[in-house]
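Fold the following for me, if possible:
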Amino acid sequence: MPMAAMLPILSLIAGIVLSLTIGFPLALGIVFAILVTLVSVKRLGYSWKQQFAFGWDGVKQTKPVLMILFLVGLLIPLLMMGGTIPAIIYYGLSIVNVSYLLVLAFLMTAGVSYLLGTSVGTLSTIGLSLMGIAHAADIPAGMVAGALISGAMVGERFSPISSSRLLVLANVGMTEAQDRQTRRPALLTAGICAVLFLIFDLFRTQSGSSDTIGMFQELLASHYSISWLLMLPLIVLIASFSFRVKAVTALLYGIVASAILVLLTTSIDVRTFVTSVLTGYELHSGTSLDELVHGGGMVSILSVLLLIILAGFLNGILNKANLLTPFVEKMMGNTNNRAVLVAKAAALSLLVVIISCNQTIPILVLGSTLLARFSKLSNGRELLGKTMMDTTLVMPVLIPWNGLAMVMAITLGVSTAQTLPFLFFSLLLPIVTIFSSRTFSTEGGLLSNKKAI
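Numbering: from 1, shown residues only. Coordinates of the predicted model:
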């Protein structure tokens with residue numbers, strides 16, 4: 001491969017490494033890679049106009065994800081202002097028994113993450129409250145954080161509004177129906193994780209009390225008028241997804257229901273409302289609830305949106321100029337054995353995740369470059385999508401310097417090194433999906449290729 005073709009890849013790696021070592025924003029590292037790529041690809045005979053067209057095609061590919069992220073950033077503060085998320089936490093805490101905290105933490109975060117479509121948002125709400133209970137009950141923080149993160153990643157893997165999952169679907173050209181037919185290994189792994197956490201609960205030393213649960217519920221009840229009415233936006237979202245309403249439309253329904261709830265049940269002034277929507281909701285109660293009920297907002301996701309746009313632009317050029325395909329093809333080899341091919345894709349996913357520091361770059365890079373290789377197989381598009389959602393999507397939490405892992409560690413106050421042995425879902429799912437690929441098939445045969453959203 002000529003150096004002109006290698007420079008874009010090397011510059012991307014260099015930009016990421018410099019971002020990690022020097023500390024400047026990752027977006028600047030990608031901008032550096034884009035500039036090097038533009039010059040390098042120009043030498044390969046592509047005009048500036050062609051390259052910008054390639055880049056714009058890459059950005060358009062991420063449009064569904066950008067829309068979902070934008071709407072989720074708007075929805076979360078509305079759910080908090082209207083009391084929906086506090087009500088979810090309040091009723092959720094009612095079923096917590098500290099004797100089975102690990103398995104309950106796993107199941108509760110899996111459910112909330114499925115509904116919200118965001119692992120970080122889940123951990124910054126219900127995750128924080130459960131960590132507080134764990135501290136009070138003297139349960140090892142690494143175990144609980146591992147259960148919380150594992151559950152959050154289950155929701156991110158399956159949620160209809162998970163931005164990372166939708167990015168995989170958009171990048172490989174899969175439909176929601178095709179995804180639903182490839183979930184069995186992930187569902188099996190989730191079940192195995194639940195059993196493992198239950199076993200840890202049964203055999204760990206039982207200590208502490210559940211007084212913290214009552215404290216949190218009292219605080220929530222004192223600041224919100226907790227009732228089942230507050231669950232209305234949640235019911236709207238669940239009903240929308242149950243009737244197969246598109247993710248963007250379902251989110252809009254949820255936003256409307258949440259906004260109506262805020263107007264009817266609160267006395268929040270216009271300034272506070274606008275500030276919460278833009279910069280995120282803050283309770284300002286002077287209690288521990290301030291760390292439990294907060295977040296969302298448009299400003300908080302701008303950096304993520306910018307990163308996805310830049311990564312999409314770069315990926316569009318690399319893909320259309322055919323720079324990554326020869327490199328990946330050499331690594332993947334000529335095997336037609338599904339298990340070997342999936343194992344190599346999983347190893348390549350881990351390598352890209354290690355050298356990058358977020359979920360977005362590995363998904364964008366691997367999706368476009370592996371598609372041609374997998375398309376040679378029957379049901380190859382579905383196999384690639386399943387492989388990426390079961391490997392590339394869940395692996396970032398295993399890498400201490402990955403941005404997703406760092407955010408989770410800061411949110412929960414537990415280092416990745418402590419949680420790593422208990423991140424069962426992200427550790428086991430790649431293994432299960434490799435073995436299951438030997439007999440991979442889709443119900444009803446090969447489906448037609450439609451847009452993912």
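
hey, let's count contacts and neighbours off CA atoms from now on
Noted.

all strands of the protein, in order?
Applying DSSP state E to the chain gives strands spanning 281-282, 294-295.

Which of those has the lowest mean pLDDT?
Lowest mean pLDDT of the strands of the chain: strand 294-295, a mean of 72.

If you count contacts, what does it end up packed against?
In this structure, strand 294-295 makes packing contacts with helix 63-81, strand 281-282, judged by 3 or more CA pairs under 8 Å, 6 or more residues apart in numbering; DSSP states H and E.

same thing but at 6 Å, please
Counting by 3 or more CA pairs under 6 Å, 6 or more residues apart in numbering; DSSP states H and E, the packing neighbours recorded for strand 294-295 are strand 281-282.

Show me what the strand it packs on pairs with in its sheet, parallel or antiparallel.
Note on strand 281-282: by DSSP bridges, its sheet partners are strand 294-295 (antiparallel).

hmm, back to that, reformat the strands of the chain as a markdown table; add mean neighbour count.
Output for the strands of the chain, formatted as a markdown table (neighbours: other CA atoms under 10 Å):
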| stretch | mean neighbour count |
| --- | --- |
| strand 281-282 | 22 |
| strand 294-295 | 22 |
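
I figured residue 423 hits residue 146, correct?
Yes: taking contacts as CA atoms under 6 Å, residue 423 lies within contact range of residue 146: 4.9 Å.

still on that earlier bit, tell me which of the strands of the chain sits nearest to residue 130.
strand 294-295 (15.4 Å; CA to CA).

gap between that closest one and the chain center?
Centre-to-centre, strand 294-295 and its host chain are 18 Å apart (CA atoms, centre = their mean, to the nearest Å).

coming back round to it: let me have the strands of the chain in a markdown table, adding distance to residue 195 as columns.
Shown next, in a markdown table, are those (distance: least, CA to CA, whole Å):
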| stretch | distance to residue 195 |
| --- | --- |
| strand 281-282 | 36 |
| strand 294-295 | 32 |
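
of all these, which lies closest to residue 87?
strand 294-295 (13.8 Å).

which other residues reach that closest one?
Here strand 294-295 makes contact (CA atoms under 6 Å, 6 or more residues apart in numbering) with 280, 281, 282.

So, low pLDDT: which residues of the stretch 201-350 of the chain?
206-213, 242, 244, 291-292, 324-325, 327 (pLDDT under 70).

got the residue ranges for the helices in it?
Per DSSP state H, counting those that start in this stretch, the stretch 201-350 of the chain has helices spanning 211-223, 232-242, 247-265, 270-279, 289-292, 299-320, 324-332, 338-355. These are given in chain order.

ok, residues contacting the fourth one?
If you take CA under 6 Å, 6+ apart as the criterion, helix 270-279 is touched by 77, 297, 298, 299.

Between helix 247-265 and that helix, find me the angle.
Counting by axes from the mean of the first three to the mean of the last three CA atoms, to 10 degrees, helix 270-279 points 150 degrees away from the direction of helix 247-265.

check contacts around residue 152.
So residue 152 contacts 109, 110, 113, 119 (CA under 6 Å, 6+ apart).

can you check residue 178 too?
Per CA under 6 Å, 6+ apart, neighbours of residue 178: none.

distance of it from residue 202?
Distance, residue 178 to residue 202, by CA to CA, to the nearest Å: 38 Å.

could you dump stretch 400-409 to PDB, C-alpha only?
Coordinates of each C-alpha in stretch 400-409 appear next as PDB, following Å, rounded to 0.1, in the frame of the first residue of the first chain:
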ATOM      1  CA  PRO A 400      -9.500   2.500  30.700                       C
ATOM      2  CA  TRP A 401      -8.500   5.400  28.400                       C
ATOM      3  CA  ASN A 402     -11.600   5.100  26.200                       C
ATOM      4  CA  GLY A 403     -13.900   8.100  26.500                       C
ATOM      5  CA  LEU A 404     -17.000   6.100  27.300                       C
ATOM      6  CA  ALA A 405     -15.100   4.100  30.100                       C
ATOM      7  CA  MET A 406     -13.700   7.300  31.500                       C
ATOM      8  CA  VAL A 407     -17.100   9.000  31.700                       C
ATOM      9  CA  MET A 408     -18.600   6.000  33.400                       C
ATOM     10  CA  ALA A 409     -15.700   5.800  35.900                       C
END
